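J.: what shape does this take:
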Amino acid sequence: MNVYEEIENFYRSYRGKKQVIGKSALGRDIFAMLVGRETKPLGISQAAMHGREFVTAYLSEEFLRRGVQYGGVWVIPLANPDGALLSEIGISSVPEERRETLKKINGGRESFSLWKANADGVDLNVNFDARWGTGEQNVFAPASENYVGNAPFSAKESAALRDFTLKVMPDFTVSWHTKGEEIYWRFYQPPFRAARDKKIAKALSRAIGCPLAESRGSAGGYKDWCVEKFKIPAFTVEAGSSALSHPIGKQHAGEFAARYGDALRALTEAMKDLK
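T.: Below is the predicted model:
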């Protein structure tokens, strides 16, 4: 069973509130499931925005199993289903008429295991309207990673996440990536908001054992957009040891669950006490 089938089956059997928030470039569903109650503090946790980081989809299942004590969190396990399948099973996951174009975008390489983008070659985590196109590693043509798209939210997947976020109006968000065991929490916040957000980031750090870090030269990410658009605490967690190799497979799901499984419980508890 591939990662998309796994998440689709989990979604079908999930007994809580749930919905499909949109479609991928190739028409696959993007699933969201609510853990806890739809009351404050209300968050969004999204994972597998980068194809090769699909192990975070399995971690999302653990969040849904463990639950939260306060408020609730909408969990989006697989924000980039097409990219995840390209990384996991390769070019056979896309329609035949798209394969040659994708191979060219991939530099002629047969292997797509390191693919991060969606099926159109857009890196979703640089396609949000937060100083879009100004990142140091941005590129401006379809690629396996770092292509910003032809406009903010040009990708179906990032547009779906935008629309859902605007509907939920969350109090916080957390994005799950791999790898490096760091928490990124800052995006040009003024000092009073930076102090607030760092306090929540430290609570997350204590729960999962990852130090805080500040990204430099990046822009256009979901976390960045949430900080700038909604002025809320938003975090990107780079889960997994740097010693692991991309893509980190399902065989590591158990250790990810053990290490990071209480993250949403810690975040909702910290947000509950936020003044």
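
J.: tell me, how many neighbours does the residue nearest to Lys231 when sequence neighbours are not counted end up with?
T.: Among residues not flanking Lys231 along the chain, Arg193 sits closest, at 6.4 Å (CB to CB, 6 or more residues apart in numbering). Where C-beta positions appear, they are placed from N, C-alpha and C, glycine not excepted. Neighbour count of Arg193, defined by other CB atoms under 10 Å: 15.

J.: now whatever helix or strand Lys167 lives in: average pLDDT?
T.: Element membership for Lys167 (DSSP states H and E) is helix 156-168. The average pLDDT within helix 156-168 is 98.

J.: packing partners for it?
T.: In terms of contacts (3 or more CB pairs under 8 Å, 6 or more residues apart in numbering; DSSP states H and E), helix 156-168 is packed against strand 18-23, strand 29-36, strand 42-47, strand 72-76, helix 222-225.

J.: distance check, Lys156 against Gly133.
T.: To Gly133, Lys156 is 19 Å away according to CB to CB, to the nearest Å.

J.: who has more neighbours, the two?
T.: With neighbours defined as other CB under 10 Å, Lys156 and Gly133 compare such that Lys156 has more, 21 against 14.

J.: which ones are touching the more buried one?
T.: By CB atoms under 8 Å, 6 or more residues apart in numbering, the contact set of Lys156 is Gly22, Lys23, Ser24, Ala25, Asn118.

J.: looking at the helices and strands packed on helix 156-168, which is nearest to Arg259?
T.: strand 42-47 (14.5 Å; CB to CB).

J.: following element in sequence after the closest one, please.
T.: helix 55-66.

J.: what about Thr173, which helix or strand?
T.: Using DSSP H and E, Thr173 sits in strand 172-178.

J.: and the next helix or strand after that strand, what other elements does it pack with?
T.: Once strand 172-178 ends, the next helix or strand along the chain (criterion: DSSP H and E) is strand 182-184. Using 3+ CB pairs under 8 Å, 6+ apart as the contact test, the elements touching strand 182-184 are helix 191-208, strand 212-213, strand 234-239.

J.: just how off-centre is strand 182-184 within its chain?
T.: 13 Å (CA atoms, centre = their mean, to the nearest Å).

J.: please work out the average pLDDT along it.
T.: Here the average pLDDT along strand 182-184 is 98.

J.: neighbouring strands - and their directions - for it?
T.: Sheet pairing for strand 182-184, assigned by DSSP bridges, gives strand 212-213 (parallel), strand 234-239 (antiparallel).

J.: return the most buried member of those strands.
T.: strand 234-239 (a mean of 25; mean count of other CB atoms under 10 Å).

J.: can you tell me what sits against the very next helix or strand once past it?
T.: Using DSSP H and E, the next helix or strand after strand 234-239 towards the C-terminus is helix 253-260. The contact list for helix 253-260 (CB under 8 Å, 6+ apart) reads Val55, Thr56, Tyr58, Leu59, Glu62, Trp176, Ile208, Gly209, Val237, Ala239, Gly240.

J.: if I pick the residue nearest to the last one when sequence neighbours are not counted, what's in contact with it?
T.: In this structure, Gly240 finds its nearest non-sequential neighbour in Lys179, 3.8 Å apart by CB to CB, 6+ apart. Contact partners of Lys179, counting by CB under 8 Å, 6+ apart, are Glu53, Glu238, Ala239, Gly240, Ser241, Ser242, Leu244, His246, Ile248.
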